[in-house]
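Novice: here is the input, now give the coordinates:
(one chain, ligands or ions: 2)
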Amino acid sequence: MKRDDSIDRQGVIVAHYGVAVEVAFAADGQRCAVRVKRSSGHVIGDEVVVKGEVLRRLPRKTELRRRDATGNIHLLAANLDLLGIVVAPLPISPPNFLDRAIVAARSADLVPFLVINKVDLDSSALVDSLRATYGASIAIFPLSAARKIGLDPLRAHFSSGHRGAFVGTTGVGKSSLLNALCPAIALRVGELNDYNDKGCHTTTVSTLHLLPDGGELVDTPGFQDFGMVAISAPELAAYFPGFEENGVNACRFRNCRHRSEPACAVIARVEQGTILEERYRTYLQLLDEVEASVVDERQRDWKN
Ligand code: GDP
Ligand code: ZN
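Specialist: Ligands and ions are numbered 1, 2, ... in the order given. Down below sits the predicted model:
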């Protein structure tokens, strides 16, 4: 069928090859490749309007970013609404990884959820302790990607049309989970390789996958350790898991950091015992770290 280049067609970027993107069109689900500049700034999940060879990006609802080892920020994907934070009994995640990732997700307007993978290993103590600490804050899915145990509740979590990505330390099982949820992925990689006459690996391609039961998953190779993502002190104070408010007991000061401010609702709840001392200590430790890293950045900027 000949394409009509005179009409606007709206779609979403489902794959990114550097100099071209693949767009899936909303009206008919058809896909086509559109050439883009290497520096176009378009990412997976971007809503676009294509007219002939011209691609125009629509405003984004959310942006998923990471910071690399040298401190540069990279935009990875757009218009996600969920972020799955994956942990496992082995390898254990760095200290405070989960708190940081939850705060980073909420700051980016994504709803975080927790996957505890490898429940086929000795994991009941981990599951119990994570449920106790985070159960009231986020949805928790204990499962085994390799053994395909406990996947249905996670499929259901996505099925009403959510778009998400997984983050977590290398080795916790993010790729295994992606493959378990989207069996078509392995097949797709094979298809792409057919086109690749130089025999290069195609693993650097970012892709957006439709889940068989509904919802979408973004696969961004290289996006492994979300611990690098910077969070600010106000974000930490607003989004620390366990400090959620129902609006009744809010702190007197809107920008309260819950350290020594008067009429702080968090401190009051620590005193009442509804927030555990241990969680509050973790918060203060993270707050110190985050404030110190801001000072570092200022000094770095000043030197430059
Ligand atoms: P990633 O680095 O987070 O993408 O992790 P991978 O998916 O590559 O998995 C890392 C290792 O964990 C591999 O050896 C997997 O076979 C193993 N693995 C993944 N899921 C499970 C699971 O449910 N149980 C067990 N025991 N091992 C798993
Ligand atoms: Zn406060």
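
Novice: from R279, how far off is the spatially most central residue of the chain?
Specialist: By CA atoms, centre = their mean, the chain has its centre lying nearest to L83, at 3.7 Å. Remark: distance between L83 and R279 (CB to CB, to the nearest Å) = 21 Å. From N, CA and C alone the C-beta is placed, and that goes for glycine too.

Novice: can you name the element that comes right after the helix or strand where E22 lies?
Specialist: If you go by DSSP states H and E, E22 is part of strand 20-25. Next helix or strand after strand 20-25 toward the C-terminus (DSSP H and E): strand 31-35.

Novice: what angle separates that following strand from strand 20-25?
Specialist: 140 degrees (axes from the mean of the first three to the mean of the last three CA atoms, to 10 degrees).

Novice: give the other helices and strands that strand 31-35 contacts.
Specialist: Applying 3 or more CB pairs under 8 Å, 6 or more residues apart in numbering; DSSP states H and E, we find strand 31-35 packed against strand 20-25.

Novice: contact partners of the strand it packs on?
Specialist: 9-16, 30-36, 40, 42, 48, 50, 55 (CB atoms under 8 Å, 6 or more residues apart in numbering).

Novice: buried subset of the residues you listed, written for PyMOL?
Specialist: The buried subset of the contacts of strand 20-25, as determined by 16 or more other CB atoms under 10 Å, is captured in PyMOL by this line:
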select buried, resi 9+11+12+13+14+15+16+34+36+42+48+50+55
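
Novice: same list, the contacts of strand 20-25, but only the ones touching ligand 2.
Specialist: Among the contacts of strand 20-25, not one lies near ligand 2 by CB under 5 Å from the ion.

Novice: separation between V14 and ligand 1?
Specialist: Look at V14 and ligand 1: by CB to the nearest ligand atom, to the nearest Å, they are 21 Å apart.

Novice: er, A230 I mean
Specialist: 22 Å.

Novice: specify the local secondary structure of that residue.
Specialist: Per DSSP: H, G, I helix; E, B strand; the rest coil, the secondary structure class of A230 is coil.

Novice: count the residues that sit near the nearest residue to it once chain neighbours are set aside.
Specialist: Of all residues not flanking A230 in the chain, R67 sits nearest, at 5.4 Å (CB to CB, 6 or more residues apart in numbering). By the criterion of other CB atoms under 10 Å, R67 has 16 neighbours.

Novice: now do E244
Specialist: Residues lying near E244 (other CB under 10 Å) number 12.

Novice: neighbours of the nearest residue to it once chain neighbours are set aside, just the number please.
Specialist: Computed as CB to CB, 6+ apart, the closest residue to E244 that is not its neighbour in sequence is S137, at 6.2 Å. When neighbours are defined as other CB under 10 Å, S137 has 17 of them.

Novice: wait, is S137 part of a helix?
Specialist: No: using three-state DSSP, the assignment for S137 is coil, not a helix.

Novice: isn't it right up against P241?
Specialist: Yes: in this structure, S137 is within contact of P241 by CB atoms under 8 Å, at 4.1 Å.

Novice: secondary structure element for the nearest residue to D68 once chain neighbours are set aside, which one?
Specialist: Distances taken as CB to CB, 6+ apart put H74 closest to D68, at 6.3 Å, once the chain neighbours are dropped. In the assignment (DSSP H and E), H74 maps to strand 73-78.

Novice: list the buried residues in that strand.
Specialist: For strand 73-78, the buried set under the neighbour-count rule, 16+ other CB under 10 Å, comprises L76, A77, A78.
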